[in-house]
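Asker: Fold the following for me, if possible:
(chains A, B, C and D)
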2 protein chains.
Amino acid sequence: MELRDRILGAAAQVYSETGFRGATTRRIAERAGVNEITLFRHFGSKTRLLHEAIQCAGSTTPYALPACSINPRTELREWAVANHREMFDRRFLIRTAMGEMEERPDIFPMDRSQAVCAGLDLKAYLERLQHEGRIAGDIDLRAATTMFMGTLFADAISRDILPSMYPDSAEASVNQYLELFARAIALKEYSS
Amino acid sequence: MELRDRILGAAAQVYSETGFRGATTRRIAERAGVNEITLFRHFGSKTRLLHEAIQCAGSTTPYALPACSINPRTELREWAVANHREMFDRRFLIRTAMGEMEERPDIFPMDRSQAVCAGLDLKAYLERLQHEGRIAGDIDLRAATTMFMGTLFADAISRDILPSMYPDSAEASVNQYLELFARAIALKEYSS
DNA sequence: GCTGCAAGCAAGTGATCACTTGCTCACCAG
DNA sequence: CTGGTGAGCAAGTGATCACTTGCTTGCAGC
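Answerer: Residues are numbered from 1 along each chain as shown, chains lettered A, B, ... in the order given. Okay, here's the model as predicted:
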């Protein structure tokens, strides 16, 4: 089964770099160090191969926020850093897939993507905090969640192509976003 | 000159939908209602045509913030709504161009894109406000700018493909973002 | 040693691509 | 009436694409 995974990895990589049309079976086979015919014997067609490869490369084990928060600031920081890194590592795939979303909507399962799941996780976490009175009651948590996720997302997929806009390190930037976010939702520090 | 502009418009449109490889000269000519050969007579090659078309479709007249602010909240809202709308209208082009950025870095002048220019404008505006004491002095305005621009950007390019994440209207969402942003930077209301 | 399977190799097929050539047609100025 | 100009049309060229066929090779189990 090692060969199959090598092909899938190569396919996802080539797709991320050149898109569906640019990911020719020749290039994928060459990248995987495999004869072109082997692709067709294993996956039938280029479409099926890429579909499976992207599905596989896009799936992720989400980094969850704790059900019972002790130190929100620390928990949010670790969560934000982990989520940012995950999106940053997949930035090539994300950018390519988003660019081809209208033409091939089914190739990347956006509605169960990491960004959406993480957003739901964050919103539930913030609602718990709000219920405990640690966040001002008049805050629209859906907008706050979307804002914070959008900030992390935009940073992760733009950082490498707009270096002048992101001079600080990823971790430092995430810390600054978190600082601003905490002020926006009037997050109360833990009282110990 | 009407025909030339029609070709450029069709080229930008087809590129936005299908990317560089998918934007065949046949499709562009068909969309423009023009013989395929006319493209080559006018622009020499597909590459030159698309280059000019994207350059043209990507250029924009920036909506500037006032040099002397009277009502920051209102000024920021109008600015944010205008910038969001501009990015939203160009979302197809932006997504496609970002997806092909590594393969064809020169086709879309990112470093002078609307997002970057608007970000610089916003940062200068906020610095003026901070100098006037209307924004807390310990706020990192670069991070704040990046956060707000990132929020607007992520909303504009994700809204149509993640409707579950953006149930509210664009204008309502921008208002909510602005509300949170004002809290984050501790923006003081105008005192009149 | 034999069988069966997984993979490689050589060659080719029809489609599509960007781009070219040679010609025609309509229009407009002098 | 004539010459030039800008556009269309028909046809074709070489390259590349996804995918197929027929055959060979290496290897594991019996």
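Asker: what does the average pLDDT come to for the top helix by length along chain A?
Answerer: Using DSSP state H to assign secondary structure, the helix with the most residues in chain A is helix A:2-22. Helix A:2-22 shows a mean pLDDT of 93.
Asker: what's the neighbour count on the closest residue to A:Asn35 other than its chain neighbours?
Answerer: Excluding its sequence neighbours, the residue lying closest to A:Asn35 (Cβ to Cβ, 6 or more residues apart in numbering or on different chains) is A:Ala29, at 6.2 Å. C-beta coordinates here come from the backbone N, C-alpha and C atoms, glycine included. Around A:Ala29 there are 20 other residues, counting by other Cβ atoms under 10 Å in any protein chain shown.
Asker: go on, A:His51?
Answerer: Neighbour count of A:His51, defined by other Cβ under 10 Å: 17.
Asker: Is it correct that it is in contact with A:Phe108?
Answerer: No - A:His51 sits out of contact with A:Phe108 when judged by Cβ atoms under 8 Å, with a separation of 9.6 Å.
Asker: Report the contact partners of the spatially most central residue of chain A.
Answerer: Taking Cα atoms, centre = their mean as the criterion, A:Met87 is the residue nearest the geometric centre of chain A, at 3.3 Å. With contacts defined as Cβ atoms under 8 Å, 6 or more residues apart in numbering or on different chains, the neighbours of A:Met87 are A:Ile94, A:Gln114, A:Ala115, A:Leu152, A:Phe153, A:Ala156, A:Ile157.
Asker: got the phi/psi numbers for it?
Answerer: Backbone dihedrals for A:Met87, given as degrees, to the nearest 10, come out at phi -70, psi -40.
Asker: What's the separation between it and A:Ala115?
Answerer: Applying Cβ to Cβ, to the nearest Å, the value for A:Met87 to A:Ala115 is 7 Å.
Asker: which neighbours do these two share?
Answerer: Shared contacts of A:Met87 and A:Ala115, defined by Cβ under 8 Å, 6+ apart, are found at A:Phe153.
Asker: quick one, strands of chain A?
Answerer: In order along the chain, chain A carries no strands (DSSP state E).
Asker: Do you have the helices of it handy? List them.
Answerer: For chain A, the helices identified by DSSP H occupy A:2-22, A:25-32, A:36-43, A:46-58, A:72-89, A:91-99, A:114-131, A:141-158, A:170-184, in order along the chain.
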